[in-house]
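Peer 1: take a look and give me a structure for this.
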Amino acid sequence: MIPAPRMQQPCSDEATEILALHGGDALEALRTLIAERDAVEERLAIAAIAMGLGGPRPRPACGR
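Peer 2: Coordinates of the predicted model:
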């Protein structure tokens with residue numbers, strides 16, 4: 001049986017830095033991260049709509 005890989009926390013330095021930026025206030029750090037996530041989701045939704053409006057267009061026939 002192959003052992004499952006152990007999960008590591010690759011972002012621990014980033015997490016510590018984010019917490020420090022908020023003066024150690026974990027709730028405020030979480031609020032900021034949630035707000036940033038929401039903003040990214042909104043931009044992604046707008047981009048998806050914009051790409052959908054362009055849609056596939058017919059390609060011109062060669063030589064015509």
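
Peer 1: return the set of buried residues in the helix ranked longest in the chain.
Peer 2: For the chain, the longest helix by residue count, based on DSSP state H, is helix 26-54. For helix 26-54, a neighbour-count test (16 or more other Cβ atoms under 10 Å) marks Ala29 as buried. C-beta here means a position set from N, CA and C on the backbone, and glycine is covered the same way.

Peer 1: not counting residues beside it along the chain, what's closest to Thr32?
Peer 2: Nearest residue to Thr32 in three dimensions, chain neighbours excluded: His22, at 6.7 Å (Cβ to Cβ, 6 or more residues apart in numbering).

Peer 1: quick one: low-confidence parts of the chain?
Peer 2: 1-11, 54-60, 63-64 (pLDDT under 70).

Peer 1: how does it look with 90?
Peer 2: 1-12, 47-64 (pLDDT under 90).

Peer 1: show the contacting residues for Ala39.
Peer 2: By Cβ atoms under 8 Å, 6 or more residues apart in numbering, Ala39 lies in contact with nothing.

Peer 1: do you know how far it is from Ala45?
Peer 2: Noted for Ala39: a distance of 11 Å to Ala45, by Cβ to Cβ, to the nearest Å.

Peer 1: related to what we said a few turns ago, phi and psi next, for the residue nearest to Thr32.
Peer 2: In terms of degrees, to the nearest 10, the main-chain angles of His22 are phi -110, psi 20.

Peer 1: that one contacts Ala29, correct?
Peer 2: Yes. Counting by Cβ atoms under 8 Å, His22 touches Ala29, with 4.2 Å between them.
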